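*Asks:* Kindly generate the corresponding structure for this input.
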Amino acid sequence: MGLFNIFSRDKKERLDQGLQKTKSNIFSRISKAIAGKSTVDEEVLDNLEEILVTSDVGVETTLRIIERIQKRVSKDKYLGTNELNVILKEEIATLLQENNVQDLTDFSIPENKKPYVIMVVGVNGVGKTTTIGKLAYQFKKSGKSVLLGAADTFRAAAVDQLTIWAERVGVPVISQGMGADPASVAYDTVKSAMTKDTDVVIIDTAGRLHNKINLMNELSKIRKVVQKLIPDAPHEVLLILDASTGQNAFEQAKQFTTATDVNAIALTKLDGTAKGGVVIGISDQFKIPVKYIGVGESIEDLQVFNRFEFVDSLFN
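*Replies:* Model (predicted):
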């Protein structure tokens, strides 16, 4: 029990550090907004609305949060500004709960899905390959066997980067080199995993094709060939987004959720940005669980997303 607490504390400290820029940005601005105020009035709420929108929480989500706080103010008649962070924490956590955010405690997978197939999508530069490597590390650390598939064959660097991560983590990778048919690579990867009784398959895909139609067709083709082997695969379509791009991450989410059936999101680079509010907005607006967050460069710095821990780190 003591050892578990040590690991939990270490994880929370990493999360606190990773969100420090966002926290400092929001806190300093809220402090200025309530300076000299004793109650949460309309002016405070207007300032709070601006702070949340410019912290990339998103307009729609911000308005929902403000509406909730207004109801609290109306109901309780008197709310001191010193309570504002507590109220924010409670209302955002509740908002995320209503959107069916999964509170995972570890890097677990369904026991009745073997191999559990994850297809990873996202534009180039968001940390896609790095996230795959860190994800493979965490699955292996939890006792699972992992196989990677280098199906981003449009860039030679993508195959090379995935191979380097596979070697670093100590897991095998299936690749056919640049220019190979991505669907063929995905098929061979899943087939090999079935033969070797592998627990988890992670398939990398192209970050960007010539246009949205090509992207849609390519992802659809990969899905179809994988389903020849496992009818309900891929079990997880994981969209990687760079939190530091703020509103651009919303646009990427729109494009990829249109192109394919995304059912999980990972947000990277939270440690390098003051725009961590994007996690809240994307979870709320797309109704797709934010499953993982990247809070640092270390191989240990990919975490399962827990709304309570996240909101606590942001507003505590």
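*Asks:* Against Thr130, how distant is the residue sitting nearest the centre point of the chain?
*Replies:* The geometric centre of the chain, computed from its C-alpha atoms, lies nearest to Ala266 (Cα atoms, centre = their mean), at 1.9 Å. Ala266 sits 11 Å away from Thr130, going by Cβ to Cβ, to the nearest Å. Glycine gets a C-beta too; all of them are placed from N, C-alpha and C.
*Asks:* overlap in contacts of those two?
*Replies:* Gly294 (Cβ atoms under 8 Å, 6 or more residues apart in numbering).
*Asks:* In contact with the residue lying closest to Gln303 once chain neighbours are set aside: list those residues for me.
*Replies:* Closest residue to Gln303 apart from its sequence neighbours, by Cβ to Cβ, 6 or more residues apart in numbering: Ile293 at 5.6 Å. Going by Cβ under 8 Å, 6+ apart, Ile293 touches Leu15, Gly18, Ala243, Ala266, Leu267, Thr268, Leu270, Val279, Leu302, Gln303, Phe305, Phe310.
*Asks:* beta partners for Ile293?
*Replies:* On the basis of DSSP bridges, Ile293 is bridged to Leu267, Gln303.
*Asks:* All the strands of the protein, in order from the start?
*Replies:* 116-121, 146-150, 173-174, 200-204, 236-242, 264-268, 290-294, 302-304 (DSSP state E).
*Asks:* Which parts of this protein belong to which domain?
*Replies:* 2-98, 116-306 (automatic domain parsing).
*Asks:* right, and those domains - which one's nearest Leu314?
*Replies:* In terms of Cβ to Cβ, the element of the domains of the chain nearest to Leu314 is domain 2-98, at 5.7 Å.
*Asks:* to the chain's geometric centre, what's the distance from that closest one?
*Replies:* 20 Å (Cα atoms, centre = their mean, to the nearest Å).
*Asks:* Quick check: mean pLDDT of that domain?
*Replies:* Averaged across domain 2-98, pLDDT comes to 80.
*Asks:* Throw the domains of the chain into a markdown table and include distance to Pro110, thanks.
*Replies:* Listed next are the domains of the chain as a markdown table, based on distance: least, Cβ to Cβ, whole Å:
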| stretch | distance to Pro110 |
| --- | --- |
| domain 2-98 | 22 |
| domain 116-306 | 7 |
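*Asks:* Out of those, flag the one nearest Ser108.
*Replies:* The nearest among the domains of the chain, by Cβ to Cβ, is domain 116-306 at 7.2 Å.
*Asks:* so how far does the closest one reach from one end to the other?
*Replies:* Its first and final residues considered, domain 116-306 spans 22 Å by Cα to Cα, to the nearest Å.
*Asks:* Does His235 touch Lys113 like I think?
*Replies:* Yes: the criterion here is Cβ atoms under 8 Å, and His235 meets it with Lys113 at 5.3 Å.
*Asks:* These two: which is more packed in?
*Replies:* His235 (19 against 15; other Cβ atoms under 10 Å).
*Asks:* measure the more buried one to Ala264 for me?
*Replies:* 10 Å.
*Asks:* Check Leu135 too.
*Replies:* 11 Å.
*Asks:* got it, and Val201?
*Replies:* Taken as Cβ to Cβ, the span from Val201 to Ala264 is 15 Å.
*Asks:* The two: who's more crowded?
*Replies:* Comparing Val201 with Ala264 by other Cβ under 10 Å, the one with more neighbours is Val201, at 28 against 18.
*Asks:* That'll do, ta.
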